[in-house]
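In: how does the following fold in three dimensions:
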Amino acid sequence: MLKKCAMAKKAQITLFVIIAILIVAGVLAALYAPRLLQNLNAPSNDQAKSAESAIDSCVETSSENALKVISNQGGYIMPSTYLEDGVYEMGYWYENSSDVSPELKTIELELSDAVCIILKNCIQLDNYTINYTKGDCNAVSQIRADYILIDINYPITIFADKTYLFSKFSTKLDARLGKGFIIAKKLIAEQASHPDLVCLTCAADVAAENNMLINIGSRGESLLVNIIDNQSKVYTNQSYEFHFAMDMAR
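Out: You can find the predicted model right below:
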């Protein structure tokens, strides 16, 4: 009887060990399967490799161009009210003696949409001897104080010697838009508190605290505000700038 009990207990322990091993194996598979799949999916065909390089280049340039568009237009792709300034439409952040500036989340959403719009037009693989399909593009932007992170989900299937799927991309932009946004918000808050006075020294002081410059020009009854950051490295040999407008008519 004792021997049978001992054998039963041993069998139970063995079963628990097997279950534990299976659970651990399942967790490890969940953690490393995407990474393994990515390695297995690495292109071996020359045309597929070239296409992948073109896609990666488009992700980088599209992200930079999207940032340039929204930065020159006050954080918008298509601002509802704006001041035309050559190629760009500078969105108003101040109208009717009131603060009408966007929240940071709004600018993040606008940047995400701009990335997908530009990226879709950038990725054209017709010059390669491959067939391909493109799915829907979705991007999520996170504007930090000193940089911007953009995660993109854009399924692109390439049919070459075999089928390759590229879908998830990410990029980091070294632009201090987050700090520039804070400077702009302080300027607008100050203006809304004192509608009859434009405090240029206030604006200059706030910008200097963050090692940035600020230029304010006039056009009719509007002011053009340009925040310049010489420390950002997002563009080659070019400072990062953020523009918006203020309607001073009363």
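In: what helix or strand is residue 178 located in?
Out: Counting by DSSP states H and E, the element that carries residue 178 is helix 177-193.
In: hmm, who's touching that helix?
Out: By C-beta atoms under 8 Å, 6 or more residues apart in numbering, the surrounding residues in contact with helix 177-193 are 67, 71, 75, 93-94, 97-99, 101, 104, 107, 143-146, 148, 198-199, 202-203, 206-207, 210, 212, 214, 225, 227, 229, 240, 242, 244, 246. Backbone N, C-alpha and C define where each C-beta goes, glycine included.
In: put the buried members of those into a PyMOL selection.
Out: Of the contacts of helix 177-193, the buried ones can be selected in PyMOL as follows, counting by 16 or more other C-beta atoms under 10 Å:
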select buried, resi 67+71+75+93+94+101+107+143+148+198+203+206+207+210+212+214+225+227+229+240+242+244+246
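In: which members of the contacts of helix 177-193 occur in strands, if any?
Out: 93-94, 98-99, 143, 148, 214, 225, 227, 229, 240, 242, 244, 246 (DSSP state E).
In: thought residue 172 was touching residue 151, still the case?
Out: No: taking contacts as C-beta atoms under 8 Å, residue 151 lies outside contact range of residue 172: 10.3 Å.
In: what are the ranges of the helices in this structure?
Out: All helices of the chain, identified by DSSP state H, fall at 2-40, 46-72, 104-122, 177-193, 200-209.
In: point out where this protein drops to low pLDDT.
Out: For the chain, applying pLDDT under 70 flags the ranges 1-44.
In: try it again at 50.
Out: Residues of the chain meeting the criterion pLDDT under 50: 1-40.
In: what does the domain assignment say about it?
Out: Domain assignment for the chain, taken from automatic domain parsing, gives 1-40, 44-73+103-173, 92-102+177-247.
In: nearest to residue 123, of the ones in strands among the contacts of helix 177-193?
Out: residue 148 (20.8 Å; C-beta to C-beta).
In: contacts only, for residue 51.
Out: Residue 51 makes contact with 43, 125, 128, 130, 132, 158, 160, according to C-beta under 8 Å, 6+ apart.
In: closest to residue 62 out of these?
Out: Looking at the contacts of residue 51 and their distance to residue 62, the nearest is residue 125, at 14.6 Å (C-beta to C-beta).
In: against residue 153, how distant is that closest one?
Out: Applying C-beta to C-beta, to the nearest Å, the value for residue 125 to residue 153 is 18 Å.
In: when those two are compared, which one has more neighbours?
Out: Taking other C-beta atoms under 10 Å, residue 125 and residue 153 do not tie; residue 125 has more neighbours (20 against 15).
In: what's the burial count for residue 136?
Out: Neighbours of residue 136 (other C-beta under 10 Å): 9.
In: so what's it up against?
Out: 154-155.
In: list phi and psi for it.
Out: phi -80, psi 140 (degrees, to the nearest 10).
In: could you measure from it over to residue 159?
Out: According to C-beta to C-beta, residue 136 stands 19 Å off from residue 159.
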